[in-house]
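Colleague: with the input below, show me the fold.
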Amino acid sequence: MSRILVTDLDGTLLGGTQHDRTRLLDALARHPEVTTVFATGRGPSSIREVLGDPLVPRPRWIIADVGATVVDGTDFSPVDPVQEQLRAGWPGHDLVRAALHRFPALAYQHGVVQHGRCSYHLAPDGLTDELTAAVEALGCTWVYSADRYFDVLPQNASKGNALRALAAKLGWRPEHILVAGDSLNDLSLFRLGTHAVVVAGAEPALLATLAEDPLVHRADRAGAGGIHTALRKLGWLSSDPDPGPDPNPGAQHPAPGSRHRIPAPRHPAPGSRHGAGRHSLVVAYHRPPLHWNGERWQPPRSPNGILPTLGSAFADGLPGIWVAALTGRDRLAPHPQPTALPLSPVPLDTAVWDGYFHRACKETLWPVLMSEPDRSVHDERAWADYRAVNARFAGHISGQAAPGATVWLHDYNLWLVPGLLRRLRPDLRTGIFHHTPFPSPEVFATLPVADELRRSLGCLDWAGFHTEDFAERFRRTLAGRSDPPQTAVHPLGIDRPAVEELARLRAPLLRSPHRRPATGRLVLSVERLDYAKAPIQKVDAIDHLLALRPDLRGRLTFRLVCPPPEPGITAYDTTRHHLEHRVAAVNAAWRSGNWQPVDYLPRGLSAAEVVDEYLAADVLWVTSLQDGMNLTAKEFTAAQAALPHPRTGPGPGVLVLSRHAGAATELGPAALLTDPRSRDDLSTVLARALDLGPAERRARMDRLSRLLGHERPADWAARIVHGIRTCAPGTAAPTARLRRSVCGPRPVRAFS
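Modeller: Predicted coordinates:
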């Protein structure tokens, strides 16, 4: 027989201790005949965030917006005609706000996404007859709760009316329903004649109103503990043992909050039933391996980079789970990601993602990583989103990690997670790999949040980098700590066999008509639009080179493949406008007949098309102002070296590489190194590359091929996981107390 649990979220299902929440989740998992329904004041977008909490059971149905919204819990589609009936007569959000503008005591909740309702903060003395009459004159109703929240709703909307309509549609009987709540906005649920429980710590006004109701059970446990007790008393959990005393009484875990409220992440008690299936390795990277493009799930264009590397590592048997954000169009995709990878998504609201990634990551942190601190813009609202997303990741990781597990974080996007995990799960061993450069301590210190970040990074056990220079900058940034993270240098490689195979397949097609032919010598750059890649400096250098070398006019083409960033990132708008202006100006200055010097392609190419470009290029020109590694340099080498080069002819291509790219540490002895901040050096080194004879070209490419090596990315990942698991951070005694106060205790590990 079906049973229906209808529960409020904040203070009820999300309330109580971790012990109680874990026990309730396990009980519901053992009793699938109990259907869970959320009945909350939150909107759907906020509920999606709550579902990222590993201790929240998945609802089959959702009553949201204090009863103005009813959706299917599996896909968030509206349940009509129920929702349509509840919103009948709603005058509209703007009209309500305009009509109530004359009441200064009302403070509109701007941070709350609202559908079919208007939510305000209101002190008790502001709840006047004049205000309620104004609401009723609009043909609306209202709910006031917790001496603070005032919600204006459609006349028919309430949690109780929504549940009544949903029950009628689905054929539920009152005796098969248990409602649970803790505040006055749950009152309408308690008027339906169903089983009911008010959890401990509920709003006094609700308790007083229901004092004489014999159908209402008053629990002696808060939140989830009160729900569990009521389910047992009803006999719905007949096989469930008595919960017994809480092993950690008083440890409250507040629910994930509104847009700028950082949730307290949670994890189950070691050895609990819910924790039995947790993972010994949790990998966290903010990006998932596939993205929904509006029509299908799309993998990365390149076979190389961190996404393909992690995918290859997991496919190759790396044990554990991959935690990644789920946001934007990915959350709305009609089909799940078609991948066998062990993914665990963290759902994020689009607005929060925008503040976190587009603003905080790209406008605040990225310029500092690129040693361009003057470009950094700090915004407190965006930084609150950064904190919130890091807290969401920390909570999710905590819920997925087995006792003593290894956590492998990736990049600056998760810099606050180490500090959060140390407080929540001191049993975990946490490492991070930086795919980006790491700035000098002086540049790092220009961040207004530098101290906050240093405290968190100091809670790491291990930190990895592409070069020793970046590792040394990191150590200097955390200098003075008694127990610093262990550092290691592990330069990332590429899937060389995949690039070589593609090169051999594409080589016969190089002369096909679909290719855009270059005139004479082809200089190639393949890079995303980013000021750190120095695209404008390259166009200026081409202009300068043509002025110095008349013999190259009409014979030199610089092809700049430069796809734009994802929608929403505005940090590179100025770069794009300036680049387009310079390309147009240089082409106008030197154009002759059908020839122009700069062939600008502002779009992405497929992996096959990129390999075509590598094979056609006389020079690959990599001029990053800063770069963690730069895998295009390695891909170019693999593609060129895959083909036999005849002893006659111009010879293979030449790699011109910024001395500030991580790849220069490995490939520098065989490449031509250049300074991207000097126009003269850029043009001089490029001219030298174009003038190299066939023999030197072959010698340099042969050496590049040897330096590139053949290590698989999956082996790189395995070595890093081993490094984190076996690291031995410093234990100097004089300031160990500081480490404990900032990061929490470091316990004895489950393994060494």
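Colleague: max-length strand in the chain?
Modeller: Across the chain, the longest stretch assigned as strand under DSSP state E is strand 401-410.
Colleague: quick one: strands adjacent to that one?
Modeller: Note on strand 401-410: by DSSP bridges, its sheet partners are strand 279-284 (parallel), strand 429-433 (parallel).
Colleague: Val82: which of those strands is closest?
Modeller: With Cβ to Cβ as the criterion, Val82 lies closest to strand 279-284 of the strands paired with strand 401-410, at 38.8 Å. Placement of C-beta: from N, CA and C, glycine included.
Colleague: re the thing from before, could you dump the longest strand of the chain to PDB, C-alpha only?
Modeller: Extracted in PDB, the C-alpha atoms of strand 401-410 (Å, rounded to 0.1, in the frame of the first residue of the first chain):
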ATOM      1  CA  ALA A 401      33.800  10.200   0.400                       C
ATOM      2  CA  ALA A 402      34.400   7.100   2.500                       C
ATOM      3  CA  PRO A 403      36.300   7.400   5.800                       C
ATOM      4  CA  GLY A 404      39.900   8.200   5.100                       C
ATOM      5  CA  ALA A 405      39.300   8.700   1.400                       C
ATOM      6  CA  THR A 406      41.500  10.600  -1.000                       C
ATOM      7  CA  VAL A 407      40.100  13.800  -2.600                       C
ATOM      8  CA  TRP A 408      41.700  15.200  -5.800                       C
ATOM      9  CA  LEU A 409      40.700  18.700  -6.600                       C
ATOM     10  CA  HIS A 410      41.400  20.600  -9.900                       C
END
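Colleague: and Val417, which of the strands paired with strand 401-410 is closest to it?
Modeller: Evaluated over these, closeness to Val417 peaks at strand 279-284, with 7.0 Å, by Cβ to Cβ.
Colleague: state the mean pLDDT of that closest one.
Modeller: Over the span of strand 279-284, the pLDDT mean works out to 95.
Colleague: repeat that for stretch 543-552.
Modeller: 97.
Colleague: what are the buried residues along it?
Modeller: Asp543, His544, Leu545, Leu546, Arg549, Leu552 (16 or more other Cβ atoms under 10 Å).
Colleague: how about stretch 365-375?
Modeller: Leu365, Trp366, Pro367, Val368, Leu369, Met370, Ser371, Glu372, Pro373, Arg375.
Colleague: which ones among those map onto helices?
Modeller: Trp366, Pro367, Val368, Leu369 (DSSP state H).
Colleague: the second one contacts Pro373, doesn't it?
Modeller: Yes. Between Pro367 and Pro373 there is a contact at 6.3 Å, judged by Cβ atoms under 8 Å.
Colleague: which parts of the stretch 551-700 of the chain are helices?
Modeller: Counting by DSSP state H, counting those that start in this stretch, the stretch 551-700 of the chain has helices at residues 573-590, 607-616, 631-641, 663-667, 679-691, 694-708.
Colleague: next secondary structure after the longest strand of the chain?
Modeller: helix 417-424 (DSSP states H and E).
Colleague: now for that following helix, which elements pack on it?
Modeller: Packing partners of helix 417-424 (3 or more Cβ pairs under 8 Å, 6 or more residues apart in numbering; DSSP states H and E): helix 380-400, strand 401-410, strand 429-433, helix 450-457, helix 736-743.
Colleague: could you rerun that using 10 Å?
Modeller: Packing contacts for helix 417-424, counted by 3 or more Cβ pairs under 10 Å, 6 or more residues apart in numbering; DSSP states H and E, involve strand 279-284, helix 380-400, strand 401-410, strand 429-433, helix 450-457, helix 736-743.
Colleague: report the inter-axis angle for that helix versus helix 380-400.
Modeller: 50 degrees (axes from the mean of the first three to the mean of the last three Cα atoms, to 10 degrees).
Colleague: let's have the chain start at 396 instead
Modeller: Renumbered: residue one is now 396, and that last one reads helix 812-819.
Colleague: still on that earlier bit, what do Pro762 and Pro768 both touch?
Modeller: Pro834, Val838, Thr841, Leu842 (Cβ atoms under 10 Å, 6 or more residues apart in numbering).
Colleague: of those, grab the buried ones for PyMOL.
Modeller: Buried subset of the shared contacts of Pro762 and Pro768, written as a PyMOL selection, criterion 16+ other Cβ under 10 Å:
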select buried, resi 834+838+842
